[in-house]
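Visitor: My questions concern the predicted model and sequence given below.
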Amino acid sequence: MARLHPGRLAAVLALCLAPAAGAVPASNPQRGLDAEQLAIVINDDDPDSVAIGEVYRKRRGIPAANVVHVRIPGRPQALEPGRFEALRQEIDSRLGSGIEAVLMIWTAPYKVGCQGITAAYTLGFDAALCAHPCGPGRPSRYFNARGGRPYGDYGMRLSMLLPLVSQAQAKALIERGIDSQPARGRRREPSHAWYLTTTEAARNARAMFFPMAGYLPAYKLTVHRLHADALDGASGVLVYQTGKAHVDKLDTVRFLPGALADHLTSHGGELLDSSQMSSLRWLEAGATASYGTVGEPCNHWQKFPNPSVLLRHYLNGDSAVEAYWKSVAWPGQGVFVGEPLAAPFR
């Protein structure tokens, strides 16, 4: 079979995936995951995990049967594959068939070998990827999936970390997720999605997938494409995606509840010990969910959130955990962080 030239292939994919302004949403809004389909995993050796786990359970109405307690002493940043597999089996053994996603309530551990812990949990540990981290990843069946249940229809229990930099920040993050869903009778606030092409050329690998600029009146959302290294003073931000090792001026950006934000760089998923900007910085700045890779993935666009896919599914009613997982074609080296049930367009 003849192969398309890489440049031409990219153009074809962009046409297939990038929605035109005013026509982003799919035909039927999706119901999205709810609290009864989410399990939370609490590390009983981490007092913050125990405290915030109880806060989250109450605020989100998580059934008591959906709470799993484990023990991970010492808050290690990484787990060995064998230790992780035992943990994964322990968690799965306590989940009912109706559980579609899992929220781990801790910051560390956040990786297993070369993989983010959320990828290792949902997809299983991939020793071949760790032998060749710059090579292609294992394709996700859930990439750009049309509706359905991740576990029931695709055999994938999605996962996310709710990080605990401090209890105050964790509680604020939970409230942003809850506040993202408009109250009945309250008008939707105008919002903005920003896509930045930066001076760091290698980190612009997904710029070809940026949605077309324009206004989407049904969602009161304005899409912006900008050649700049950072936003300065932007407000009403619902999406912010860029390519930079370090993103400046985040203290000037005002994020809306439910905002998604991430930067294409190699080590954003190294949450606590990164030579680049940690993905946690987005949450500290006011975003509600983010994504980053651990180790060195190289700049394959498939290893990072596809901007058009992410926006389309979020506008169509998916929760943050669903939209983010659907947006990454090769998620093996990634870690998803934030409040999973945020859903501004439910």
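Guide: All right, it came through fine. Numbering: from 1, shown residues only.
Visitor: what's the following helix or strand after the helix or strand of the chain with the lowest mean pLDDT?
Guide: For the chain, the helix or strand with the lowest mean confidence is helix 6-17, at a mean of 39 (criterion: mean pLDDT, DSSP states H and E). Helices and strands here follow DSSP states H and E; after helix 6-17, the next one along the chain is strand 38-43.
Visitor: Spell out which strands sit alongside that following strand in the sheet and which way each one runs.
Guide: Neighbouring strands of strand 38-43 in its sheet, by DSSP bridges, are strand 67-70 (parallel), strand 101-105 (parallel).
Visitor: Tell me which of the ones you listed is the most buried.
Guide: Of all those, strand 101-105 has the most neighbours on average by mean count of other C-beta atoms under 10 Å, namely a mean of 26. In short, each C-beta sits where N, CA and C put it, glycine included.
Visitor: now the helices for the stretch 51-200 of the chain?
Guide: Counting by DSSP state H, counting those that start in this stretch, the stretch 51-200 of the chain has helices at residues 81-92, 117-123, 127-131, 150-154, 167-179.
Visitor: between those, which gets nearest to P73?
Guide: helix 81-92 (11.2 Å; C-beta to C-beta).
Visitor: That closest one vs strand 38-43, what angle?
Guide: Helix 81-92 runs at 130 degrees relative to strand 38-43, counting by axes from the mean of the first three to the mean of the last three C-alpha atoms, to 10 degrees.
Visitor: Tell me which helix or strand comes right after the longest strand seen in the chain.
Guide: For the chain, the longest strand by residue count, based on DSSP state E, is strand 255-263. Sequence-wise, the next helix or strand downstream of strand 255-263 (DSSP H and E) is helix 280-285.
Visitor: can you list contacts of that following helix?
Guide: Helix 280-285 is contacted from outside by 107, 163, 165, 169, 173, 240, 247, 250-251, 253, 255, 261-263, 271-272, 289-290, 337-338, using C-beta atoms under 8 Å, 6 or more residues apart in numbering.
Visitor: Ok, stretch 46-65 next?
Guide: Stretch 46-65 is contacted by residues 35-36, 38-40, 42-44, 67, 72, 75, 96, 103, 105-106, 162, 164, 167, 170-171, 174-175, 177-178, 341 when judged by C-beta under 8 Å, 6+ apart.
Visitor: at 7 Å what do you get?
Guide: Under the contact criterion C-beta atoms under 7 Å, 6 or more residues apart in numbering, stretch 46-65 has outside partners 35-36, 38, 40, 42-44, 67, 75, 105-106, 162, 164, 167, 170-171, 174, 178, 341.
Visitor: circling back: next, the angle from the longest strand of the chain to helix 167-179.
Guide: Going by the same axes, to 10 degrees, strand 255-263 makes 110 degrees with helix 167-179.
Visitor: which helices and strands does strand 255-263 pack with?
Guide: Helices and strands touching strand 255-263, by 3 or more C-beta pairs under 7 Å, 6 or more residues apart in numbering; DSSP states H and E, are helix 167-179, strand 237-242, helix 280-285, strand 289-293.
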